[in-house]
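Coordinates for the following, if possible.
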Amino acid sequence: MPVLSLAEVDTGRLIYATGSLILLSIVGLIGVYWKRKRRRAFRRMAGPLGLELMNEDLGQLGLDLGMIESYSRGWSQEVLLAMRGSIGTRDVIALDFHYREQTRSAYLDYYFSGCIFLLKSSFPYMLIRPEVTRDTVAAAVGFEDIDFESDEFSRQFYVQSPEPEFAYDVCNPLMMEWLLGNPDWKLEFGGCFLSVTDGNRITRWSLTEFRKALSAGCEFLDRIPDFVWTKHNGQRRPTVSWLSSTKDALGTKP
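Model (predicted):
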């Protein structure tokens, strides 16, 4: 077996190091390109949505959202871009988020969009999302979600809260009917926030998708009974005027 000289070994190491550096540089440049492209897209979307691009406090926003499951997964959580403003009488934030998970062989980076409604009330944590196969498996071993009188609703949705009474108050027959007609959203209350994300996939949104999410959040909040707002020291603030002006474009109804 031929024996490599010290010079040949050093040359091989140099080539390997140089190649790795070039590869990392290319990956970094591609990342910078996509970040700039997405930022330009956010700037274009902000106007039609009636929002303004946020340039500060993104780090603090990420920390504030840590009480919500969608924004506390994995590690290296980060709000990448955000727009803030008002939809009718509601203060909202539309954002792109990143987190990382580690498997046995690799790091996996996830990127998704979401909408945050800033509420005047502080609600208990509650999660509403489409039911998936693993929920049925979990229920079989004792990890059950909250059941409702409507079998159809209980089959289609996973609802979790440390205060079941709050879940029952919010998910009344009118709300269950609306959710059954809008089954693709993941809705989470956490303190003074309502989070709206895609319930079926992790993805970044277009202008149309942001509009649909904002509309869904407004419709959901408008269906929460008055006594629930009062019980949690808040006040229901309807957004029918904004929904009426956008329902034709979104294909939704208030």
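
How about residue 188, nearest residue that isn't a chain neighbour?
The shortest distance from residue 188 to any non-neighbouring residue, by Cβ to Cβ, 6 or more residues apart in numbering, is to residue 195 (4.3 Å). The way it works is simple: take the backbone N, C-alpha and C, and place the C-beta from them, glycine included.

actually residue 150, sorry about that
In space, and not counting its chain neighbours, residue 150 is closest to residue 176: 5.5 Å by Cβ to Cβ, 6+ apart.

List phi and psi for the one you found.
phi -60, psi -40 (degrees, to the nearest 10).

hang on, it packs against residue 155?
No: Residue 176 sits out of contact with residue 155 when judged by Cβ atoms under 8 Å, with a separation of 11.8 Å.

Between those two, tell me which one has more neighbours.
residue 176 (20 against 9; other Cβ atoms under 10 Å).

what sits against the more buried one?
Shown in contact with residue 176 (Cβ atoms under 8 Å, 6 or more residues apart in numbering): 148, 150, 153.

If we only consider the residues you listed, which is nearest to residue 99?
Taking Cβ to Cβ as the measure, residue 99 lies nearest residue 153 of the contacts of residue 176, at 29.9 Å.

quick one: which helix or strand includes that closest one?
Residue 153 belongs to helix 151-156 when assigned by DSSP states H and E.

With adjacent residues omitted, what lies nearest to residue 48?
With sequence-adjacent residues excluded and distances taken as Cβ to Cβ, 6+ apart, residue 48 is closest to residue 207, at 6.2 Å.

which stretches of the stretch 151-254 of the chain have low pLDDT?
Low-confidence segments of the stretch 151-254 of the chain, defined by pLDDT under 70: 234-254.

residue ranges for the helices of the chain, please.
Ranges of helices within the chain are 6-49, 58-64, 133-140, 151-156, 164-170, 173-181, 207-222, 226-231, 240-250, based on DSSP state H.

mind listing what's buried in the fifth one?
The reference is to helix 164-170. 166-167, 169-170 (16 or more other Cβ atoms under 10 Å).

now for those residues, which pair is the farthest apart?
Greatest spatial distance among the buried residues of helix 164-170 (Cβ to Cβ): 167 and 169, at 7.3 Å.

picking up where we left off before, the residue nearest to residue 188 contacts residue 67, correct?
No: look at residue 195 against residue 67 with Cβ under 8 Å: they stay out of range, at 9.8 Å.

Of the two, which one has the most company?
Using other Cβ under 10 Å, the more surrounded residue of residue 195 and residue 67 is residue 195, with 25 against 16.
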